[in-house]
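# what would the 3D arrangement of this be:
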Amino acid sequence: MFFVDKTVLLDDLLDAAEMDGQKYLCITRPRRFGKSVMASMTAAFFEKDAESDEIFSGLQIASSKRYGTHRNQYHVIWMDFSEIPEKCSSYDGYISRILEGLKQDLADRFPECAGRSEAAVWDLLSDIFQKTGEKFIFVMDEWDAIFHMPFITENDQKAYLLFLKALLKDKAYVKLAYMTGVLPIAKYSSGSELNMFVEYDMTVMERFSDCFGFTEGETDRLFGIYMETTKQSRISREELQLWYDGYHTASGERMYNPRSVVCALSNNQLASY
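Below you'll find the model as predicted:
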């Protein structure tokens with residue numbers, strides 16, 4: 001099994017939110033670069049209704065002084081914006097699925113909300129915060145997927161940005177908003193809708209640069225495992241670099257596409273994964 005411990009991202013997120021006051025973070029990376037895996041990891045670590053010590057106790061994050069303080073201590077709102085309803089052909093159908101899902105989740109967790117289905121999600125969240133003091137961590141995967149959907153119009157795009165603004169901007173109930181995508185917010189919005197987010201593109205921002213993709217050292221270790229466990233190895237270390245090192249961070253570090261490296265070593269075959 002090929003595994004690289006990237007749980008240091010969790011400590012970095014807490015550093016940004018607690019020490020630097022940056023609780024709105026948008027991290028963009030190329031496709032197949034582990035964004036969804038990292039989003040799932042983040043949700044699993046913080047989710048209050050889960051018990052993830054068995055998963056994280058042997059990993060790097062367990063050595064952090066914040067480990068016990070923050071693990072499984074928050075209500076997490078997870079949104080994968082790449083998922084659409086069956087036979088969806090309009091923005092209304094797309095966004096209605098998201099809103100209905102959020103309201104149902106809140107009603108399940110906070111029964112006092114069950115009778116207020118007509119209220120806006122942000123009003124429900126504000127009420128919950130006022131009554132309980134509970135803050136939420138938002139984990140949003142593929143935030144920019146909507147901009148590539150054929151049925152989405154320019155007006156729909158503006159409505160979507162306003163939805164995110166209403167849900168997140170200046171809200172006391174937000175502990176952390178962690179958003180991933182392929183392209184940064186600035187690609188789609190030149191206004192103030194989402195200007196509370198700090199954007200991290202690996203080609204221009206050094207922070208978080210080694211949390212996604214495989215570094216040279218990590219790739220070396222995986223290749224070593226491959227050589228020890230593969231009876232008839234067909235891949236050389238030089239070929240891995242030739243095929244899959246097409247990225248560099250802002251600090252100049254060479255980064256490998258994680259999906260491609262793992263697939264190549266697992267299959268013992270170089271290909272365009």
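# leaving out the residues flanking it, which one is nearest to Tyr247?
Met255 (4.3 Å; C-beta to C-beta, 6 or more residues apart in numbering). Every C-beta, even on glycine, is put in place using the N, C-alpha and C of the backbone.
# wait, that neighbour sits on Phe214?
Yes: here Met255 reaches Phe214: they are 6.8 Å apart, a contact under C-beta atoms under 8 Å.
# higher neighbour count, these two?
Neighbours per residue (other C-beta atoms under 10 Å) separate Met255 from Phe214, with Phe214 holding more: 27 against 24.
# wait, what's in contact with that one?
Phe214 makes contact with Val4, Leu222, Met255, Tyr256, Asn257, Pro258, Val261, according to C-beta atoms under 8 Å, 6 or more residues apart in numbering.
# of the residues you listed, grab the buried ones for ChimeraX.
Per 16 or more other C-beta atoms under 10 Å, the buried members of those correspond to this ChimeraX selection:
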select :4,222,255,256,257,258,261
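# secondary structure, distance to Leu25 and pLDDT added to the contacts of Phe214, as JSON lines?
Shown next, in JSON lines, are these (DSSP: H, G, I helix; E, B strand; the rest coil; distance: C-beta to C-beta, whole Å; pLDDT from 0 to 100):
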{"residue": "Val4", "secondary structure": "coil", "distance to Leu25": "21", "pLDDT": "95"}
{"residue": "Leu222", "secondary structure": "helix", "distance to Leu25": "28", "pLDDT": "97"}
{"residue": "Met255", "secondary structure": "strand", "distance to Leu25": "19", "pLDDT": "91"}
{"residue": "Tyr256", "secondary structure": "strand", "distance to Leu25": "24", "pLDDT": "94"}
{"residue": "Asn257", "secondary structure": "coil", "distance to Leu25": "22", "pLDDT": "92"}
{"residue": "Pro258", "secondary structure": "helix", "distance to Leu25": "20", "pLDDT": "93"}
{"residue": "Val261", "secondary structure": "helix", "distance to Leu25": "26", "pLDDT": "96"}
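# which one of the contacts of Phe214 sits closest to Ala16?
Set against Ala16, the nearest of those by C-beta to C-beta is Met255 (20.5 Å).
# quick one, what contacts the nearest residue to Gln22 once chain neighbours are set aside?
Spatial nearest neighbour of Gln22, excluding adjacent residues (C-beta to C-beta, 6+ apart): Ala16 at 4.3 Å. Counting by C-beta under 8 Å, 6+ apart, Ala16 makes contact with Gln22, Lys23, Leu25, Val198, Arg207.
# kindly provide the distance from Ala16 to Leu10.
According to C-beta to C-beta, to the nearest Å, Ala16 and Leu10 sit 11 Å apart.
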